[in-house]
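In: sequence isn't available, so here's the structure alone:
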C-alpha cells in the first residue's frame, strides 16, 4: 500500500516572465504550466529534488508564452507526459510550440472536474485576453490548492468556486500607480488594467478577502511584474489590506512571496 503523505506543492517560479508550479500526491506528479525552456524546467525541478522524467501530467492554463514556452520541448522529450488543456487553448498555442504528439493531448473543458486516481482537478474560467483561459484547483484527501494568476477581475461566482481552499497561488501583478507612471505604452497599460488583464496588488487582496476561509493556511503571491511592481510593495499592500479587514495575516495563515526563477520550498497542503 502506498503511504499517503498528502498533497505537496512547490511554486517553482512565478512572474510576468514565466510561470510553473509542481504538485505531487502518492499517485501523481504534475505541473501547472511550463513557461520556461525545457532545460530551465528540469533545473527548477532538480532544485527541489524532483525529476521531469517522473512528471506524468501538465495542465495548461492558456496559450501566452510565459505559461507555455516549454510545452513543445517537454511533450516531445517526455513521451509519458499527458498534456491537458481546452480545445481553444490547444488551437492557439504559439507556432514556436511546434507539433505536439497527438496521443499525449487530452481535452479538459472549463468548469469541469477531472479525476485522476487520488487527484481531482477542477477547472474554472477566468477573464483574460486569451482564447479560453482556465485555471485550476487541485483536490486530494479533502485538501485543496488553488492557482489563479491571470485574470482581470474575480467575479462573485469565481470567488465562490475557489472559496476556502487550504492554499492559494494568487496574482498580485502590478501596483496601479507604478503601472500608470511606468514605461509601457498606453495601449498596453489599458490592456493590463482592463477586465481582461491582470489583478493589481489591491485587486488580489480584494479577491483573497472574498475567498479565504478557516481552512486557508498559505497564500503565495504570484505573477509579479518586473516593471510595475516589487516584491516588498506587493506583500505590504496585500498584507495591509487583509489586516484592515480583520484577517490575522501570518497567524491564522502565512502570506508568502514567489520568485521569478527560483523555487519555493515544497510544502504539504
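Out: Structure's in. What do you need? Remember, predicted model here, so these are calculated numbers, not experimental data.

In: from here on, just use CA atoms for contacts and neighbour counts.
Out: OK.

In: surely residue 34 touches residue 67?
Out: Yes - using Cα atoms under 8 Å, residue 34 and residue 67 qualify as a contacting pair, with a distance of 5.4 Å.

In: helices of the stretch 51-200 of the chain, start to end?
Out: For the stretch 51-200 of the chain, the helices defined by DSSP state H, counting those that start in this stretch occupy 65-68, 71-77, 87-91, 156-161, 176-181, 186-193.

In: what about the strands in this structure?
Out: 8-15, 18-24, 29-32, 57-59, 82-85, 105-107, 113-116, 119-125, 134-140, 143-148, 167-171, 218-222, 254-257, 267-268 (DSSP state E).

In: buried residues in the longest one?
Out: For strand 8-15, burial by neighbour count (16 or more other Cα atoms under 10 Å) applies to 8, 9, 10, 11, 12, 13, 14, 15.

In: helices and strands around that strand, which ones?
Out: On a contact count with 3 or more Cα pairs under 8 Å, 6 or more residues apart in numbering; DSSP states H and E, strand 8-15 meets strand 18-24, strand 267-268.

In: any idea how far residue 121 is from the residue nearest to residue 268 when sequence neighbours are not counted?
Out: Using Cα to Cα, 6 or more residues apart in numbering and skipping residues adjacent in sequence, the residue nearest residue 268 is residue 8, 4.4 Å away. For residue 8, the distance to residue 121 equals 15 Å [Cα to Cα, to the nearest Å].

In: again, but for residue 59
Out: For residue 59 relative to residue 121 (Cα to Cα), the value is 9 Å.

In: cool, and residue 161?
Out: For residue 161 relative to residue 121 (Cα to Cα), the value is 13 Å.

In: how about residue 169?
Out: 15 Å.

In: so what touches stretch 241-249?
Out: Under the criterion Cα atoms under 8 Å, 6 or more residues apart in numbering, residues 202, 205, 206, 209, 239, 255 lie in contact with stretch 241-249.

In: meant to ask about stretch 40-49, not that
Out: 12, 34, 51, 52, 70, 261, 262, 263, 265, 266.

In: hang on, the earlier thing: comparing residue 59 and residue 121, which residue is more hemmed in?
Out: Legend: neighbour count by other Cα atoms under 10 Å for residue 59 and residue 121, higher for residue 59 (24 against 21).

In: so what's that one up against?
Out: 30, 31, 32, 33, 83, 84, 85.

In: number of nearby residues for the third one?
Out: Summarising burial for residue 32: neighbours were counted as other Cα under 10 Å, giving 24.

In: the fifth one too?
Out: Other residues within reach of residue 83, judged by other Cα under 10 Å, total 27.

In: many thanks, have a good one.
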